[in-house]
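Chemist: Need coordinates for the following:
(one chain, ligands or ions: 2)
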Amino acid sequence: MAVSPLLIGMPEMRQSSLVVVANRLPIDDSVAPDGACEWRRSPGGLVGALHPLLRHTPATWVGWAGGAGSAPALPDVDGVRMHTVALSRDDLRDHYEGFSNATLWPLYHDAVEQPQHHRRWWEAYQRVNQRFAEATAEVAEQGGIVWVQDYHLQLVPGLLRALRPDLRIGFFLHVPFPPPELFMQLPRRAELLRGMLGADLVGFQRAQAAHNFAQLVTKVLELPATDRRIGIDDRVVRIGAFPVSIDTAEMAALAARPEVAARARRLRRDLGDPRQVILSVDRMDYTKGIEQRLKAYSELLASGDVKVRDTVLVQVAMPSRERVGQYQILRERIEREVGRINGEFGRVGEPAIHYLTQPFDRAELAALYRVADVMAVTPLRDGMNLVAKEYVAARVDGAGALLLSEFAGTAAELPEAYLVNPHDLEGLKQGLCAALRASPTDVGQRMRAMRAYLHQHDIRAWARSYLSALDEAGALINRLASTDGTLDGAARVPAPATPAASPATHHAGG
Ligand code: ADP
Ligand code: F6P
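Modeler: Ligands and ions are numbered 1, 2, ... in the order given. Got it, this is the predicted structure:
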């Protein structure tokens, strides 16, 4: 995304009727090969989901621009105002890398790595959440709607309500919300729950998460709670499941472009025209199950079930949170294992694994998806996993097998995928073989069902169900729809009786 040159000086402070608050802005400060400052699309699913949705709406996005120190003044991105929150080096270390990504992230993902607890990190988390709440209070119009995103900002709803009781506040958690026995480990569990309850609507990816939250609120705060409503002071907070999605039509249109199809054919040739291509695309994160997948692949090579000349694995693993110790160790381990597998099973000009750590533009990703006969998405735990949905959307040819972890939120919505338990090495190997050997008829039927589902349940359907639950009167939705139709059709959707009733009927919940 080209967003330069930057505006000089701060843009005038204007207020918006819709404010999205997320730790990251949709653009990220990174360093170009020549050492110059460059702006590119931020990594991760949150931006991938929200950015296409908000394009050309009169909204403000409050967030961090990726660096340390003073907040750069940014121009609007696709018509959305950018309001930057500055983070110091200490904030970055203690709020982002510390409490967010070394305490909450592992704890919320089944503690697959050990969560760490430090009092200094909690102080930074409070301080940064306060700063986000103040920045939001400045830019939200009287009576406006504020939509707070994700685990970095769980205190913002409560802090913002204290500053601006006139606002309608929504909170959405993109990651799993853990069962009580894990959440109870948090020394400041009561404050975190109270912070989220500052919202009028707390949304989760899955019904099980809403259930966990209700149980915890009852246990820790002794408040009356069901899986749909919680009473606090004189208010009712609604809770529910709203599985996030992608811009299905946009990904399908991109993948259908002749130049993307041509690029996919060239990629296949460059890979040595193998009989089958397996692809994985992950942020380099211990939750994504990359090591378990490599182990399964290596054992299949060793047993001869998979042969290098027939089959290639393309593993895209974009480095993430690189200053956090657990991520540094993970990268070293993965790279050592890729080296070992290539050394042991590769041939000259025929590596067993094509390993890529670069960021790719959307067209290149679409071409990669089109070339993959099997897309292996096998996280140990994942709130949703949008890569799986992107793959399905990109298979405009109706082919391609999705191998999907039972522990990704996506699995509840796409039961037609080849489902596996990534903790079970034998099961993972069998699942991979089943996907590789499936008949074109079986693959085609499954893909057809998944594509039909995703065309209905796209990112706009997600926003409609969430925002109509948040704004029962439908006032915001009418405003957005009449501006340019980005949430086209939203005004026609009646507010559901309860938020839990609004999401996909197709998904299994839980
Ligand atoms: P998470 O939010 O945990 O990173 P998701 O699968 O939900 O996981 O989202 C990842 C997003 O990042 C997807 O939109 C995917 O296309 C994008 N992505 C992953 N790897 C790359 C890469 N190497 N280059 C560009 N985009 C990437
Ligand atoms: O989905 C969870 C999440 O933390 C998102 O907030 C973000 O899109 C993604 O992972 C990338 O993480 P980070 O912002 O730490 O690079």
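Chemist: count of neighbours near the residue of the stretch 151-300 of the chain found nearest ligand 2?
Modeler: At 4.4 Å from ligand 2, residue 174 is the closest residue in the stretch 151-300 of the chain, using C-beta to the nearest ligand atom. All C-beta spots, glycine's among them, are computed from the backbone N, C-alpha and C. Counted with other C-beta atoms under 10 Å, the neighbours of residue 174 add up to 22.
Chemist: can you check residue 176 too?
Modeler: Residues lying near residue 176 (other C-beta under 10 Å) number 26.
Chemist: do the same with the one 4 residues further on
Modeler: If you count neighbours by other C-beta under 10 Å, residue 180 ends up with 14.
Chemist: Could I get the contacting residues of it?
Modeler: 212, 215, 216, 219 (C-beta atoms under 8 Å, 6 or more residues apart in numbering).
Chemist: Buried ones only from the residues you listed, please, as a ChimeraX command.
Modeler: Here is the ChimeraX command that selects only those of the contacts of residue 180 that count as buried (16 or more other C-beta atoms under 10 Å):
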select :212,216
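Chemist: returning to what we had before: distance check, the residue of the stretch 151-300 of the chain closest to ligand 2 against ligand 1.
Modeler: Distance from residue 174 to ligand 1, counting by C-beta to the nearest ligand atom, to the nearest Å: 7 Å.
Chemist: do the same with residue 316
Modeler: 5 Å.
Chemist: Under a three-state scheme, what state does that residue occupy?
Modeler: Classification of residue 316 using DSSP: H, G, I helix; E, B strand; the rest coil returns strand.
Chemist: swap in residue 312?
Modeler: Here residue 312 takes the strand state, with states given by three-state DSSP.
Chemist: what number of residues lie near residue 339?
Modeler: Number of residues near residue 339 (other C-beta under 10 Å) recorded here: 13.
Chemist: before we move on, back to that, now the residue of the stretch 151-300 of the chain closest to ligand 2. Its backbone dihedrals?
Modeler: Phi and psi for residue 174, reported as degrees, to the nearest 10, are phi -80, psi -20.
Chemist: you'd agree it is up against residue 205?
Modeler: Yes. Counting by C-beta atoms under 8 Å, residue 174 touches residue 205, with 6.9 Å between them.
Chemist: What residues sit buried inside stretch 61-77?
Modeler: For stretch 61-77, a neighbour-count test (16+ other C-beta under 10 Å) marks 61, 62, 63, 64, 65, 66, 67, 71, 72, 74, 77 as buried.
Chemist: related to what we said a few turns ago, pull up the overlap in contacts between residue 174 and residue 205.
Modeler: With C-beta under 8 Å, 6+ apart, residue 174 and residue 205 have common neighbours 244, 383, 384.
Chemist: tell me the secondary structure for the first one?
Modeler: Read that as residue 244. Classification of residue 244 using three-state DSSP returns coil.
Chemist: related to what we said a few turns ago, which ones among the buried residues of stretch 61-77 come in contact with ligand 1?
Modeler: Counting by C-beta under 6 Å from any ligand atom, nothing from the buried residues of stretch 61-77 sits close to ligand 1.
Chemist: mind listing which of those residues are in strands?
Modeler: Per DSSP state E, strands hold the following members of these: 61, 62, 63, 64.
Chemist: Surely the last one and residue 26 touch.
Modeler: The reference is to residue 64. No. Judged on C-beta under 8 Å, residue 64 makes no contact with residue 26 at a distance of 11.4 Å.
Chemist: Just checking, which helix or strand of this protein averages the lowest pLDDT?
Modeler: Lowest on mean pLDDT, DSSP states H and E among the helices and strands of the chain sits helix 475-484, with a mean of 44.
Chemist: so the closest residue to residue 204 other than its chain neighbours is in which element?
Modeler: The shortest distance from residue 204 to any non-neighbouring residue, by C-beta to C-beta, 6 or more residues apart in numbering, is to residue 210 (5.0 Å). Assigned by DSSP states H and E, residue 210 falls within helix 207-221.
Chemist: buried residues in the helix or strand just after that helix?
Modeler: Counting by DSSP H and E, the next helix or strand C-terminal to helix 207-221 is strand 229-232. Buried residues in strand 229-232, counted by 16+ other C-beta under 10 Å: 229, 230, 232.
Chemist: Could you pull up the contacting residues of the first one?
Modeler: In other words, residue 229. Residues in contact with residue 229 (C-beta under 8 Å, 6+ apart) are 236, 237, 238, 239, 498.
Chemist: what about 7 Å?
Modeler: Shown in contact with residue 229 (C-beta atoms under 7 Å, 6 or more residues apart in numbering): 236, 238.
Chemist: any idea how far it lies from ligand 1?
Modeler: Shown here: residue 229 relative to ligand 1, a distance of 29 Å by C-beta to the nearest ligand atom.
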